[in-house]
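Peer 1: Kindly generate the corresponding structure for this input.
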Amino acid sequence: MHVRTRTWFSFVVGAGLVLLAASRVAFFEPVENAALTLSAPIDSALGEVTRPVADFMNNLTDINRLTGENQTLQEEIEALTAEVARLQESERELNQLQVFMDVRGVQPDESFVRANVFAREPSNAQELIAIDRGREDGIDENMAVLTLQGSLVGFVTRVLDDFAWVTLITDPESAVSARIQESRVEGVVAGATNGTLTMEFVERTADVKEGDLVLTSGVGGNHPPGEIIGTVVEVDQAAQELFQAVAVEPLADLAHLESVVVLTSFVSPEPGQP
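Peer 2: Below you'll find the predicted structure:
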């Protein structure tokens, strides 16, 4: 009797729990649905509010990325532009040397070094330029310096390891043994304080006329012979008792020198040597 009672009681309790759980689910389902229905507009509104912020942050990220890419591209463009400029400058230098060799007809035993002019002595008392080649490049004192077209600029007067000073032929202290190409009349071309040239010690009876080409003579052995100095622009036979005054215009444009050529194959003898 007691066993049947307990069994019945257990059945009733279990059924009651099942019914209670089912009733709770059925009861809360409408509430949950209602809550979802009420929150949907709020979620939508919040989405509309936060979407611009999210879009802004995404755009900001894109801007930062594009800025970085643009900076990288700018650096690459700068590097490529610099490389192109270097290549163009190298090509220009090679072309200049080729022109020099073609005009001059360089001999097998002749050597030279191309140099850039990077400074100029501003004093009126001196006519000097500085070149970016020095002792380490084989430059030595008294070497002749020419333009890329082959006309005489001056001579190296001071040499350091990586650069050198060149005294122009128009310097007041400059004196170069010279001769008239056609008549072979000899003299000395000297500089003056006003940047001009005068061919001195030319006899009054010597055959010199305007337009004559003046070359280095090589007399004394200090300078190579046959280098073009300039042309005669004025002759005054009555200027002096024994000599005529011969004005010479440099063939080189000494005021606008950018690049020059140093003849390294000619070195003047040391003092006291023949």
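
Peer 1: Please tell me how far residue 145 sits from residue 222.
Peer 2: Note on residue 145: its distance to residue 222, by C-beta to C-beta, to the nearest Å, is 14 Å. Glycine gets a C-beta too; all of them are placed from N, C-alpha and C.

Peer 1: neighbour count winner among the two?
Peer 2: Using other C-beta atoms under 10 Å as the criterion, residue 145 and residue 222 rank with residue 145 on top: 28 against 17.

Peer 1: Doesn't that one belong to a strand?
Peer 2: Yes - the assignment for residue 145 is a strand, going by DSSP: H, G, I helix; E, B strand; the rest coil.

Peer 1: Tell me what the nearest residue in space to residue 209 that is not next to it in sequence is bridged to.
Peer 2: Spatial nearest neighbour of residue 209, excluding adjacent residues (C-beta to C-beta, 6 or more residues apart in numbering): residue 235 at 6.3 Å. When bridges are called by DSSP bridges, residue 235 pairs up with residue 246.

Peer 1: Mind listing the residues bridging to residue 166?
Peer 2: Beta-bridge partners for residue 166, by DSSP bridges, are residue 129, residue 156.

Peer 1: residues contacting it?
Peer 2: Contact analysis of residue 166 by C-beta atoms under 8 Å, 6 or more residues apart in numbering lists 128-131, 145, 153-157, 260.

Peer 1: does the residue nearest to residue 209 really touch residue 208, like I thought?
Peer 2: Yes - between residue 235 and residue 208 there is a contact under C-beta atoms under 8 Å: 5.5 Å.

Peer 1: quick one: buried residues of stretch 131-141?
Peer 2: Buried residues in stretch 131-141, counted by 16 or more other C-beta atoms under 10 Å: 131, 133-134, 137, 139.

Peer 1: would you put the C-alpha positions of that stretch in CSV?
Peer 2: What follows is stretch 131-141, C-alpha atoms only, in CSV (Å, rounded to 0.1, in the frame of the first residue of the first chain):
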residue,chain,number,x,y,z
ILE,A,131,89.1,72.5,-58.7
ASP,A,132,87.9,69.3,-57.1
ARG,A,133,91.0,67.2,-58.0
GLY,A,134,94.2,67.1,-56.1
ARG,A,135,97.3,65.1,-55.4
GLU,A,136,95.4,61.9,-55.0
ASP,A,137,94.2,62.3,-58.6
GLY,A,138,97.7,62.8,-60.0
ILE,A,139,97.6,66.6,-60.0
ASP,A,140,100.9,68.5,-59.5
GLU,A,141,102.1,72.1,-59.6
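
Peer 1: tell me the mean pLDDT over stretch 228-240?
Peer 2: Averaging pLDDT along stretch 228-240 gives 88.

Peer 1: Actually, stretch 141-154.
Peer 2: 93.
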